[in-house]
Every structure is written in structure tokens, then in C-alpha cells.
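Student: return atomic coordinates for the entry below.
(2 chains)
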Amino acid sequence: MISSAENSSQTVPAALEQMRQLHGDLIRSEQVTCDGMPTVWVDRQDIKTVLRALRDETTPRFEMLFDVTAIDERLRCNRAGQPASEFTVVYHLMSFSGNCDFRVKVALQDSDLTIPSVVQLWPSANWYEREVWDMFGIKFDGHPNLYRIVLPPTWKGHALRKEHPARATEMEPFSLSDEQEDYEQAALKFKPEEWGMKRESENSEFMFLNLGPNHPSVHGAFRIALQLDGEILVDAVPDIGYHHRGAEKMGERQSWHTYIPYTDRIDYLGGVMNNLPYVMAVEKMAGIEVPERVKVIRVMLSEMFRICSHLLFYGTFAQDVGQLSPIFYMFVERERIFNIIESICGARMHPGWFRIGGVAQDLPNGWEKRIQELLDFMPARLDEYDSMVMNNGILKRRTQGVGVYDTNEAFNWGVTGAGLRATGLEWDFRKQRPYSGYENFEFDVPIAVNGDCYDRCAIRVEEMRQSLRIIKQCMDNMPSGNYKSDHPLTTPPRKENTMQDIETLINHFLSVSWGPVIPANEVTMTIEATKGLNSYYLISDGSTTSYRTRIRTPSFAHLQMIPEISRGFMVSDLIAIIASIDFVMADVDR
Amino acid sequence: MTFEVGSGLSIGVILATVIVVAAMLIWVERRLLSFWQERLGPNRVGPFGLLQVVADMIKIFTKEDWVPPFADKFSFVLAPAIIMTVILLSFSVIPFAPGVGVVDSNIGVLFVLAMASLGAYSVMLAGLSSDNKYALLGSLRAAAQMISYEVFMGISILGVVALSGSFNLREIVLAQEENGWYIFPQFIGFVIFLIAGVAESHRLPFDIPEAEQEICAGYHTEYSGMKFGMFFVGEYLGLVLISSLITVLFFGGWLGPSFLPGIFWFALKSFVFIAFFILLRAAIPRPRYDQLMTYGWLFLLPVSLLNLLITGVIILSTS
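Tutor: Next up is the predicted model:
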């Protein structure tokens, strides 16, 4: 693969060069960001032309609309060279054939917050645009159902606008009267007409079944309204937002350092792996190069969490097709891995252990012994699970040929991770654009061809084996050196010389009391997380807090395509499909 | 009062034993499952957690007896009573040991099948009266499943009836004393009866009417307290019944070496099957509803008919 994000800042990326030639007249301005991603500003009436050109005309083509978000620019000071804008809509496109990204921005004024919808180009834009509407109040012309998606339908205001309060103390104490409760309940009632659904067909009446938000198989607080003909699924409308905690808003009030524990809880099964894209993004803006040892420690812990997350997926997947026992066996393993993680990080599920410029502590004495334990017991157990789960005839009949989609559909719906690799595309971010030293490790990228529930599970099973390989290599080749960078913006800063040297003392004092001041810049950092591609789009305005923290999570995109892949199947199949997607609602709602 | 078939004492003892055994099965199942699943299970109340059942009973008896306001009250209350009644009635024709039983009916086999059919009403009424969509789906699934599997269940034991020449369960056991256990000549019948039995008592892998991961608890979603308890114990009673029937029909009932009394052999054999059913639950995933029906009608039905045909041919050619 040719251009990585690293070297594209020096040479002009091919796609940008072509866009200048094809649609140079539409590009209002170009912006340079420290991640080297080509970024262009266009007018809102041209957005569809530009995005279509990027999708269909350029080489490489940008197959996936990776993310759509917005920035409230009204309080931003450092935006020299950018067109005047009060609200900026940001489109992040990803090319899999060319292994590169493209960012398109559109400037809007508060008085006229409308922009054409691109749902016709990418169906995945649907939820992203709804989220932007929900959070910023930007209207998308031509959007089929521009309703609130994350916040309740009764919410007043748009939460990510700068004037919206970020703390409970800035608002009235919350109370819920009986009338208010009834009102909220009524607002949540599913009205099929709103979604263009008929209540009856020619010969039968449909049943509308409300699956969730509390249902044993929806893996958290997730609701999906089903339109059923008997037990056959005619259509479905997923409803998310029950797990929303305003993680992006919190990013704007926490300091760069104190936001780290919040990232742990985005994909709450991913533990410290969630810290990785965030700290890498901050390090990129701050210009911190982390020591080799830090990279390897980070990779090792991330892969351990990948195994933990996949184990939980594996068990619940089997459980959702009615196999009771595997989850209990897998929890035993998971428990043992958590014990090892605890002995390294001091906490189990959410250690919040990575730091800007390093990790919190060095590895404890004797860590190799514990990792060796893991490497000793896991492979045999994984083989046992193969015979118990993957080779089970009933499980195969329940999951093969169910919930199928191909690579193109995956692109259209923004599917990444195991769900994408199950369609036969060998595309793993760790291989394609190695970060944190993944280029130094030997591992395979498992793929499958059918793109059904069974294949999605099979890939994750194989990934656990590959993760074990990576962990083994980490253990055998752990570099010596420091567990934290010497850079002054590292958090918490090095303390050794504070009593000798006044500069260091001042720097330490400020960095600890206020937090580090990160230079004004923009950056997107993506990793291959447990469930797909997880990226952080951070904007620093040269302050102690982030100006905008955008978290692009894989599960959000994956849930959106549930109706698409489950139409015509039965309720039992829907449960298998939901299980095979592997999501947690915290990762969807943020 | 004497302890003989049909005496008041005998009826009382059997009724009490059956219910206590069914209740204890809750504990047995939880312990066995946890043993097979690398965990401990209930082990805190009393020695080995044996009093867990008592604790559960206290809880379930003192729970609020609640009927959802939107439910159809009469059938909602009736449904759990039906399941308990029909299964307990089925036990009346089971010959536990020589001289132990409630009644030696000439139509014993038919009686059990009839009671099993009535059990379907309980599940359907529960689902319909709950006025809950999940319960409705559950009862629809249950009705289809129970009615289909009754067919194969009936046909699968006709081979045994033909061999023994009687519908009387006690005579079937006595016939096995002369001819050997029917598991050997009727192996196919046994397998089909076993599968149909699991489906009848809707336990995993055939717990489709109450598949928790799909439709919450199916037909008894709206039930709580003692009424739920009756469904719960009813399921275990069904398990005991199916295991007893397998023992009687295919494994020679109380027959066994004479150093132990017949009732012991009966209990031992039944327990083996109960444990087997629990192991099934721990091991096998749940097929989809339509897969179960296809499997039944396109595979089990022809095979059981063929089994009956071959049995008939053999009986006619040897007599």
C-alpha cells in the first residue's frame, strides 16, 4: 500500500491532486492538519458533487463515508487560514483501495443551518446526519427521517453547541413529575407511520414488537421496533440513545489528561485500548514521540483486552443461539486475563492506564511469568471452544447464511473490523497503517468469505489466536527504556528533577494543576479496536481542554444496518444477527 | 390403611414424593449445571445448598400475588393450574414398583398422551390471556411444537405397545421381565420418544416457547409469584414424568437385580435420564422454530412410522 498518513504530509496525496484538477473550481480552500489528511473546504451547494466525485471519480476511490460530524466554531480563536464559519460540517471519507482518508468541510452560518443530505450517496449518512442535527441543530435537506437519535425526542436545545450547559450544576436540579413521566413515555411510543411503515398488508395485520430497551439479548439498553408478519421480520427501526452519557461534551470540559478515564468507558469491553487513539491523537498534536517500550507495552495490553472482549462476544454469541455453557467457560478465561491485567494496571475493566506520552507505571516485577501463564492456558481452551461452539451442527444451521452482506454493502453502511473482514476483504488497520509499532509484529489477518453471522464469529475466534501471537512477541522482545516520554507535555510530567531545576518545577506545577496546554491543531487518529475502527478527531484551540472531541465508534455504524440485513428473517435470526455484530451500547451512544 | 395400588396412603405418598422430587430438582439442576460449567452453583443455604429449595419456596409463597390489569383474569389464573393438574394426573398411571402406584389402567399409555395434549391448553391460555406480544409469540410457538411432537411421541411408543400387547404400563413392565428391556428391539422408538419428550416438556434445546434470548420468557412472561412457581415446578414435574415413562417403556421399570428393592431401581433409572436431560440443556444450542418443525415432520415422522411398520412386520412374521 502506498501512502500512509505519515508521509502524505510531505507529498501531495494523489486524491487531492486529482480533486484540484477535476473540481478545482469548487474547492474554496485547503487546510493543513498535523495528521496529514487532505482537507478541503467546499460550499454547501457543492457538497454532493464533491463527495460523489470522491466516491466515483478519483483514483483511489473513497468507498466509505467514515464519519460525519460538526464543529461549533463560534468560540474558536485559532483558525487562521480557514474560511469564516460558525458551524462546520465535517465529512471524513475513507478509501480502502488506496488506504487513505479525505476530509471535506463545509462552512455554515448560525442564521441558516441547512445543508443537503448525502443519504442518497451513502445510506450510512442517515444516522450520522441525524446525530449532527441532534447535537448541533443543523438541518439536512432531503433527509428521510431527520429525528433526534441520541437525545430523547423531548430534549430542548442541541447539546454540543457551546451555549448548551456541560455540567449538571449549570442546570436546574432534575426532577420528574408524574405528568412529565407520562409525557416522556408517550414521546417514546413507536409510531409506524413516522417511519413509512404500513400497519397491515393485503391479507394480514402486522405485529409491532418492541424489542428492548430491556431485553435479554440486546446487550445493553438498546431498543429495536420490529414490524412482524407472523414471526417474519418485515422491517425494523433501531432506537439508540439509552446509554448516552455525553462523552464528547465531557471532552470539552475535562483537561487533556483527565479525559483519559472517560475514554475507557466508550467501548467498555476494550479497556485501555480505548485510551490508545485518544493519547496518540494528543501526542500527535503535542509532537510527543513515545519510547519504544511504551509502544510495546501499549500493544500488549491492547491485545489482552482484545482477547477479553472477543471472549465475551464469543460466549454471548453462543448463548444467544441457545447454548448455555460456553459463556461460563469463557468467563473463567476472561477472569484470569483480568487478574493479569490487574497485576499490571491495578484495575480490571477500566484501568485508564495509558498516559499522554507513556503509560502510568512501568511493568511490575515478574510480569513475564503471568503473561506466560496466559500463553500457556489459552490455546488449548480455544481449541476446545472450537469443537464446542464453532463445530456444533445446530449452531451452524442457526448462523450460516443468516445476516449476509457483501463488501460493497459493508462500505455503504460504514462497516469496519471483523464485520468487514468476514466479507472477504483483508483489511486490518494494524497491517494497513501500523500504529504504535504494529509493523514490528508478525501476525495474520483472518478473513472469511460468506459475510454471515458464523463467519463474523469465526474471524474473531481466529483473531484471539493472532492476539496471543502478538502478546508472545511483546513478551519476548520487550525493549528496555523508559515507560514515559521526556517531553514536557507528558502527563503527569516527570518529577525527578523538580527539586533541582526551577524550569522543571514550574512546568510540573502547571501541568499538574492546570493540565498541559496542547498547541492548536486538528488531528484524527484511528485504531483497529475490538469492534472495528475507532477514531478520535480532536481539535485543540491551544488550551488546557479540547475544543472539540469527536469519537467515531464502530458500533454506531454497525447497528444502523441491522434492518438492512435482517429483513425476511425470523425473530430468532435477528437475535443471532445482533449477537454476531458484537456491539456494546456505550460504544454506540457514547 | 394398607400400602397397595390405589389405596389412599399410596396416593398420598406418591403425590407428596413426586412434588418434593420436582422441587428438589431445581436444586439438582442448578448444582449439576454449575458442576458442568466450571462454577459452584447454590451452595450457601444448608449443607451443599440443599435448603436452597426451601428458601426459594419461602420467597415464592410470600411474593405478591399479582395479576396484570390488562390480563384476562380467569384464564390467567387457570393456566398454571392446568399444567400442574394434568402432569400430576399423568403420574397416576405410572407403575413405580410392584404394588406401588395409583391405578393400573388398561388405557395407561393413552391416558398419558391425552394428559400431555391437555397440557398444551395451559401454555396457550397463559400466552393468550397475558395480553403480551412476547407471551403470544411464545404460546403460538408452544402450540405448534407441542401438537406436532405429540404425534411422533404417540407413534414412537406404539412399537412398545405392539410388542407387549397392552396399553397398561404395569403390564408393559411385566412383559419386559420375559422379553428383555424394550430399548433393544425399540431403539429407534426410544430415541424418538426421548426427543419428543424434550420437546413436550419444552426444555433446552427445545425451549423454543420460552426462549429467553428471543422472546424473554415466552408464554409465562407476565407471570410472577406462585403462579410462575407452578409453571416452574410443572416443568420439572414434566421432566420427572418423561424420565419415568422412558424407564417404564424402554428400561424395564422397576426390574433389576434383586439385592435392591424395585422402587430403588426405578428411581435410579429415572434419575439417570433426568441428569441426561439436564446435560442436554448444558450442551446443545437451540434450533430455530421452523427448523424444529421441519425436523419433526420431515424426519421424525417418517422414521417413527417406518419403525412401527418394521416392528409390525417382525411381530407378524415371528408369531
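Student: helices and strands around the helix or strand bottoming out on mean pLDDT in chain B, which ones?
Tutor: Using mean pLDDT, DSSP states H and E, helix B:212-215 stands out as the lowest-scoring helix or strand of chain B, at a mean of 72. Where contact means 3 or more C-beta pairs under 8 Å, 6 or more residues apart in numbering or on different chains; DSSP states H and E, helix B:212-215 is packed against helix A:571-581, helix B:133-164. C-beta here means a position set from N, CA and C on the backbone, and glycine is covered the same way.
Student: does anything pack onto the helix or strand that comes right after it? Which helices or strands?
Tutor: With elements assigned by DSSP states H and E, the helix or strand that comes after helix B:212-215 is helix B:225-250. Contacts defined by 3+ C-beta pairs under 8 Å, 6+ apart place helix B:225-250 against helix B:8-36, helix B:52-62, helix B:73-90, helix B:108-129, helix B:133-164, helix B:169-179, helix B:187-200, helix B:262-283.
Student: any idea how far helix B:225-250 is from the chain center?
Tutor: Offset of helix B:225-250 from its chain centre (C-alpha atoms, centre = their mean, to the nearest Å): 4 Å.
Student: list the contacts of A:Thr39.
Tutor: With contact set as C-beta atoms under 8 Å, 6 or more residues apart in numbering or on different chains, A:Thr39 has these partners: A:30-33, A:103-105, A:522.
Student: pLDDT on whichever strand or helix holds A:Leu108, on average?
Tutor: Taking DSSP H and E as the criterion, A:Leu108 maps to strand A:100-108. Per-residue pLDDT values over strand A:100-108 give a mean of 90.
Student: show me what that strand is packed against.
Tutor: Other elements packing on strand A:100-108 under the criterion 3+ C-beta pairs under 8 Å, 6+ apart are helix A:14-23, strand A:39-42, helix A:47-56, strand A:87-95, strand A:114-116.
Student: please pick the buried ones from the contacts of A:Thr39.
Tutor: Neighbour-count burial (16 or more other C-beta atoms under 10 Å in any protein chain shown) applied to the contacts of A:Thr39 gives A:31, A:33, A:103-105, A:522.
Student: just how off-centre is the helix or strand containing A:Glu462 within its chain?
Tutor: In this structure, A:Glu462 sits in helix A:453-476 according to DSSP H and E. Centre-to-centre, helix A:453-476 and its host chain are 20 Å apart (C-alpha atoms, centre = their mean).
Student: and the next element down the chain from that helix?
Tutor: Following helix A:453-476 in sequence, per DSSP H and E, is helix A:502-513.
Student: please determine how far the residue in the stretch 201-319 of chain B positioned nearest to chain A is located from B:Ser148.
Tutor: Chain A sits closest to B:Arg286 of the stretch 201-319 of chain B, with a gap of 2.6 Å, by C-beta to the nearest C-beta. Taking C-beta to C-beta, to the nearest Å as the measure, B:Arg286 falls 16 Å from B:Ser148.
Student: now do A:Gln323
Tutor: Taken as C-beta to C-beta, the span from A:Gln323 to B:Ser148 is 23 Å.
Student: so between those two, which is more surrounded?
Tutor: Higher neighbour count among A:Gln323 and B:Ser148: A:Gln323, with 25 against 19, using other C-beta atoms under 10 Å in any protein chain shown.
Student: residues touching the more buried one, list them.
Tutor: When contacts are counted by C-beta under 8 Å, 6+ apart, A:Gln323 touches A:389, A:392, A:395, B:283-286.
Student: assumed it was part of a helix.
Tutor: No: judged by DSSP: H, G, I helix; E, B strand; the rest coil, A:Gln323 forms no part of a helix; its state is coil.
Student: before we move on, the earlier item: would you mind checking the contacts of A:Gln323 for buried ones?
Tutor: Neighbour-count burial (16+ other C-beta under 10 Å) applied to the contacts of A:Gln323 gives A:389, A:392, A:395, B:284-286.
Student: just confirm A:Val523 is within a strand.
Tutor: Yes: under three-state DSSP, A:Val523 falls within a strand.
Student: could I get the contacting residues of the residue of the stretch 51-200 of chain A found nearest chain B?
Tutor: Nearest to chain B in the stretch 51-200 of chain A, going by C-beta to the nearest C-beta, is A:Phe190, at a distance of 12.2 Å. A:Phe190 makes contact with A:208, A:210, A:225, A:237, A:239 under the criterion C-beta under 8 Å, 6+ apart.
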